[in-house]
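Q: missing the sequence, but the structure's below:
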């Protein structure tokens, strides 16, 4: 960063602090500078852009000469910096005056226009945020709700229809229409999510003093009784600590095939997804479908909502099921299912029964970590305490991805060696739900 740009950033933050004090003196809420990282840019000509995995409604347009803020490093690296003839960076470190964290639960939002800054691109975090925003819309009396920085998760917010969505940028002029800005990057308790997860919905509801939204009930939908089921198996997670073994996926498909149409959902955009496809295809029963990739996050949402029953790895789609009451089973290894599912009971929880000399499921890790000596894995695979795994890998490592796919971490390896317990649990859960649907019993 240049000295001049750094000086401009400091001046901007000083102005934001002064603006916060002035707002308090005028009777409005005092503010603090936002903590979510962002920069200010301008364009020399009109421009437009849409995330490749978002539907067209998530696209944005910008005007020449106006100043915009973005929190997307991907947009910075792949669009702004690669098109210097169109864009220029005005300020490398920018902030917005935001409502202080201690005031979130004490502020009267009635008839106010409230903009929320989104720090995380994780599907699960953003599903939890949507669940909170629906409760906020139902109970706060706010005149309007917006979200800034949705990035690849924009389709989740657009599907919910609860907020105005600024996918990648927002104009300085547009910011003037918002009365209050809340930066979820200042939420206390998010700092240790790499080694222990949080239930974003319950945390936000508690901070703002709200009850869960009426729109999203915790129970599962009833199974249909007049036709074969549409059944999904979603075995992939963003980390090999949570991806279901190929053998387990195939075993589940064979067990579930007599119950209806089974579809295995993968992700060809990930190296792990391509490896998985090659390995699982020969093992699946006749008639089983494979979806290699959902082009848009909205397409994945639609699929999760359309399945009558599904088995999920601990992943974003398992969180998405909350929005639709999709029945099924979620399989947990490194993370505690009771935390991640929160108040929702639409998915039955099954945790791998693993305990070894270095770890016990659930261990709490969200992703593989890097040992002090450079090796990549988890406590069990590297035979080391978490204190010796201080960081996440700092760059993509295709060799590690393939190694951990073929040589699973210990808890996943134990499931691979004995898939029957999970298969039997899934079939018992499905039988219970079928009996409940036939008898008209509320499914919990």
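A: Good, I have the coordinates. Predicted model, so just to flag it, every value in this text is computed and none were measured.
Q: ok, so what distance separates residue 86 from residue 72?
A: To residue 72, residue 86 is 16 Å away according to CB to CB, to the nearest Å. Quick note: C-beta positions are derived from backbone N, CA and C, even for glycine.
Q: neighbour-wise, which of these two wins?
A: residue 72 (22 against 17; other CB atoms under 10 Å).
Q: what bits of the stretch 101-250 of the chain have low per-residue confidence?
A: 188-196 (pLDDT under 70).
Q: show me the helices in the stretch 101-250 of the chain, by range?
A: With helices called from DSSP state H, counting those that start in this stretch, the stretch 101-250 of the chain shows them at 123-139, 154-160, 172-175, 200-208, 246-256.
Q: quick one: residues in contact with the last one.
A: Outside helix 246-256, the residues that touch it by CB atoms under 8 Å, 6 or more residues apart in numbering are 231, 233, 235, 262, 264, 276, 279-280, 283-285, 288, 311, 415-416, 419-420, 422-423, 426-427, 430.
Q: what do you get if the cut-off is 6 Å, keeping everything else the same?
A: The contact list for helix 246-256 (CB atoms under 6 Å, 6 or more residues apart in numbering) reads 231, 233, 235, 262, 279-280, 283-285, 288, 311, 415-416, 419, 423, 427.
Q: next: the longest one.
A: The set of residues that contact helix 123-139 without belonging to it, under CB under 6 Å, 6+ apart, is 145, 153, 156, 160, 162-163, 200-201, 204, 210, 212-213, 215-216, 316, 319-320.
Q: so which bits of that helix are buried?
A: 123-137, 139 (16 or more other CB atoms under 10 Å).
Q: in those residues, find the pair that's most separated.
A: 123 and 139 (25.0 Å; CB to CB).
Q: for residue 258, see how far away the residue positioned nearest the centre of the chain is.
A: Computing the C-alpha centroid of the chain and ranking residues by CA atoms, centre = their mean puts residue 123 first, at 1.6 Å. To residue 258, residue 123 is 31 Å away according to CB to CB.
Q: next one, pLDDT for residue 15 please.
A: Turning to residue 15, the model gives it a pLDDT of 49.
Q: likewise residue 363?
A: Looking at residue 363, its pLDDT reads 89.
Q: wasn't it part of a strand?
A: No - using DSSP: H, G, I helix; E, B strand; the rest coil, the assignment for residue 363 is coil, not a strand.
Q: show me which of the contacts of helix 123-139 are buried.
A: Applying 16+ other CB under 10 Å to the contacts of helix 123-139 flags 145, 153, 156, 160, 162-163, 200-201, 204, 210, 212-213, 216, 316, 319-320 as buried.
Q: these: which two are farthest apart?
A: Checking the buried ones among the contacts of helix 123-139 with CB to CB, the most distant pair is 210 and 316, at 23.9 Å.
Q: give me the number of residues near residue 250?
A: What residue 250 shows, counting by other CB under 10 Å, is a neighbour count of 22.
Q: again with residue 384
A: 18.
Q: with the one 5 residues further on instead?
A: Burial measure for residue 389: 21 neighbouring residues, criterion other CB under 10 Å.
Q: same deal with residue 159?
A: 19.
Q: for residue 147, same thing?
A: The number of residues near residue 147, taken as other CB under 10 Å, comes to 26.
Q: buried ones among the contacts of helix 246-256?
A: 231, 233, 235, 262, 279, 280, 284, 288, 311, 415, 419, 423.
Q: now the third one, what are its backbone angles?
A: Dihedral angles of residue 235 (phi, psi; degrees, to the nearest 10) stand at phi -90, psi -10.
Q: same for the helix or strand containing residue 405, what does it pack against?
A: Counting by DSSP states H and E, the element that carries residue 405 is helix 398-406. Helix 398-406 sits against helix 271-280, with contacts defined as 3 or more CB pairs under 6 Å, 6 or more residues apart in numbering; DSSP states H and E.
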